[in-house]
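> give me the fold of what follows.
(2 chains)
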Amino acid sequence: MPIKILEEKCTGCGRCLSVCPFGAIELKGKLAVIKDNCTLCGACVDVCPFKAIVLTKDKPSISSTYSPQEAKGVWVFAEQEGGNIHSVTYELLGKGRELANKLQTELCAVLLGSEIEGKSEELIKRGADKVYLAESEEFLNYRSDIYTDALVDLIREYKPEIILAGATSVGRSLIPRVAATLRTGLTADCTGLEIETEKKILLQTRPAFGGNIMATIICPERRPQMATVRHKVLPEAQINKERKGEVISVQLKRDLISNIKIEDIVKEVDKTVKLTEADIIVSGGRGLGKKENFALIEELALVLKGAVGASRATVDSGWIPYSHQVGQTGKTVCPKVYIACGISGQIQHLVGMQSSKIIIAINKDPEAPIFKVATYGIVGDLFEIVPALIKKLKK
Amino acid sequence: MRIIVCIKEVPDTTDIKINPETNTLIREGVESIINPFDMYALEEGIRLKEKFGGEVIALSMGPPQAERSLREALSLGVDEAILLSDREFAGADTLATSYTLAQGIKKIGAYDLIICGKQAADGDTAQVGPGISVRLDIPQITYVSEIKEINLEEKKIKARRMSEEGYEVIQSKLPCLITVVKEINEPRLPSLKGKMRAKKAEIRVWSAEDIETDKDRIGLQGSPTQVIKIFFPPQHKGGEILQGDTKEIVEKLAGILREI
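Model (predicted):
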């Protein structure tokens, strides 16, 4: 087994036991023993104060598409739909610029679309040095197969060091295909990215186990290093109108043949766009008691010109559609103000909203975990506070 | 119709809590379950079989104890269950896992549809489904909330795919891989008869050799990513608790909201 306990170093302190997410270590006398259900995740290696746990891996014998020495540049996949750039792209350009500066390399955006050249300038003004532009009618909207083909070809040709994409429904479907084709590593849904400057390695941090733990992941040997990044976690790059850059129109070397046809694209705009873009979100939880009481949340949201959010419990109970759900299995939001009404604050909810600038929580239970993240907490009855607040704001 | 459903056994994550004093995971009583999103995949597979005939096969990669989850799948109504299990598979990241599952699928042979849950509840990566489809060189539709039509003669599937802003209706050739979201169905409970059958059923266990894997592409060896650090998210410090009667509190709140 590639994981070993060095018996002469292990003191049986048991720290590895408490950090193992799988319960795969036991103590036999004064010695930690790794059980069969170990997944080699390495959590114990990091926590052991005596360096008594080692995880060894032979040198990879499969070379990647290209070597770390050949690799150059930080790339951002510029997600667009029907000609509009997704705002996560601007967030990635902000982070990408910082990473490129640390690596002393260039920041490039890759833009696939139909008649979309005009958008290249926007990407440059947000920090890109170069834009690789591939235009075709076939690229109007995302289709997994031809987007994969095009991106893979561009990566093979230009050999980027790092590729960042949004952890959106497009990014999380497309990028794993690209990584699997190139046989390189990919970290999903990152919330933090840093550069280890000595070895020029991308440190990719993401939540796991429902947000209970954070893991930092690297891809040391293969290139490109790839990550999808959660929307609304990083700030958008500022616009600099003076910035100049280069637009490189690329000719694809193969025919674009897709097995997928998009028959219809339906936007449920009034409900969902607002939630991730809103400045103010009013959210309801189980404390509302019943479906009908969501009207109160909607009314407050209307007065504040905000959007309506919900906890998983209320969605599971059928009080409100899934498109309103905030949290681990719903949407991640980052409004200026998040008002949580009758939401206890389970970890899966908190991971979806805790980066909001101001959090106001109203809950009857003073022990509710939501108060741990709230900027302003109100221990009280939401059915008293909310109607009074609506009345006050309407004046 | 031949359908393969890929499932993963995961710790029941909603039960994992942190002991704030010791900053460690509280694991007592945490059971292993079938990944919740895979329950919708199993249900959809079984429903399609009931509609079109044929068979549903559940496939999983994991340690020997993952057999328990496959028995649960059998109790729900899948016809056959296969476990890919080998010490060599341990330490696999999503790249190695999708390769291993794709090798398992190749050994199973012909199929019309592969169904996966949208992501696993422990890792939340959503990368294995798309990874399998690339390895098998078949189209994929992710985040499917409804299968609208399947035409086996013309080898076509039409499905509703969820997006952030609504949904798309997508048509693809079969065979195809789909990943499903919870809106797609309401999973059934196992029947008594199903449970009886599952108890007796044989679960095939295939090793690395059985599915002809390249040893440099499986397990830790075949995984380009490494976890270098695991830590607990910083605990938030609570802010100000607003005091006073309703009138005073509302006054303060209105003040805060007006400032924005």
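> and stretch A:276-284 with chain B, contact?
Yes - for stretch A:276-284, a contact with chain B is found by CB under 8 Å from any CB of the partner chain, at A:Thr276, A:Asp279, A:Ile280. (Glycine included, C-beta is placed from N, CA and C.)
> so for those residues, which is the shakiest by pLDDT?
Least confident of the residues of stretch A:276-284 next to chain B in the model: A:Thr276, at 78.
> and the gap between that one and B:Val181?
17 Å (CB to CB, to the nearest Å).
> mind checking which of the residues of stretch A:276-284 next to chain B land in helices?
A:Thr276 (DSSP state H).
> with the residues of stretch A:276-284 next to chain B in mind, which one is nearest to B:Glu50?
When the residues of stretch A:276-284 next to chain B are ranked by distance to B:Glu50 (CB to CB), A:Thr276 comes first, at 37.8 Å.
> hmm, A:Val326 and that closest one touching each other?
No - using CB atoms under 8 Å, A:Thr276 is not in contact with A:Val326, being 9.7 Å away.
> A:Leu302: neighbour count?
12 (other CB atoms under 10 Å in any protein chain shown).
> what's the answer for A:Glu236, then?
15.
> nearest residue to it in space, please, no chain neighbours.
Closest residue to A:Glu236 apart from its sequence neighbours, by CB to CB, 6 or more residues apart in numbering or on different chains: A:Tyr90 at 4.1 Å.
> which residues touch that neighbour?
A:Arg126, A:Glu236, A:Ala237 (CB atoms under 8 Å, 6 or more residues apart in numbering or on different chains).
> can you check A:Pro224 too?
A:Pro224 neighbours (CB under 8 Å, 6+ apart): A:Ala71, A:Trp75, A:Ile155, A:Lys159, A:Pro160, A:Glu161, A:Ile162, A:Ile163, A:Leu182, A:Thr184.
> ok, the second one to A:Gly192 distance?
In this case it means A:Trp75. To A:Gly192, A:Trp75 is 19 Å away according to CB to CB.
> the two: which is more packed in?
Set A:Trp75 next to A:Gly192 and count neighbours by other CB under 10 Å: A:Trp75 wins out with 28 against 16.
> and the one helix or strand the more buried one maps to, what does it pack onto?
A:Trp75 is located in strand A:74-77, with elements delineated by DSSP states H and E. Judged by 3 or more CB pairs under 8 Å, 6 or more residues apart in numbering or on different chains; DSSP states H and E, strand A:74-77 is in contact with helix A:88-103, strand A:107-113, strand A:162-166, helix A:171-182.
> as TSV, those with mean pLDDT and distance to A:Met226 would be great.
Output for the helices and strands packed on strand A:74-77, formatted as TSV (pLDDT from 0 to 100; distance: least, CB to CB, whole Å):
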stretch	mean pLDDT	distance to A:Met226
helix A:88-103	97	12
strand A:107-113	98	13
strand A:162-166	98	5
helix A:171-182	97	5
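> can you name the residue of chain A nearest to chain B?
Using CB to the nearest CB, A:Leu40 is the residue of chain A that sits closest to chain B, at 3.0 Å.
> got the contact list for the nearest residue to that residue once chain neighbours are set aside?
Leaving aside its sequence neighbours, A:Leu40 sits nearest to B:Gly91 (CB to CB, 6+ apart; 3.0 Å). For B:Gly91, the contacting residues are A:Pro2, A:Thr39, A:Leu40, A:Cys41, B:Gly219, B:Leu220, B:Gln221, B:Ser223, by CB under 8 Å, 6+ apart.
> ok but B:Cys116 is inside a strand, no?
Yes - under DSSP: H, G, I helix; E, B strand; the rest coil, B:Cys116 sits within a strand.
> so A:Pro2 touches A:Gly42, yeah?
No - at 10.3 Å, A:Pro2 and A:Gly42 do not qualify as touching, with contact defined as CB under 8 Å.
> just want to know which of the two has more residues nearby.
When A:Pro2 and A:Gly42 are compared on other CB under 10 Å, the one with more neighbours turns out to be A:Gly42, at 20 against 16.
> in which helix or strand would I find the residue nearest to the more buried one when sequence neighbours are not counted?
Nearest non-adjacent residue to A:Gly42, counting by CB to CB, 6+ apart: B:Val227, 4.6 Å away. Assessed by DSSP H and E, B:Val227 sits inside strand B:226-231.
> same question for A:Val131.
Judged by DSSP H and E, A:Val131 forms part of strand A:130-135.
> please consider this matter closed, and thank you.
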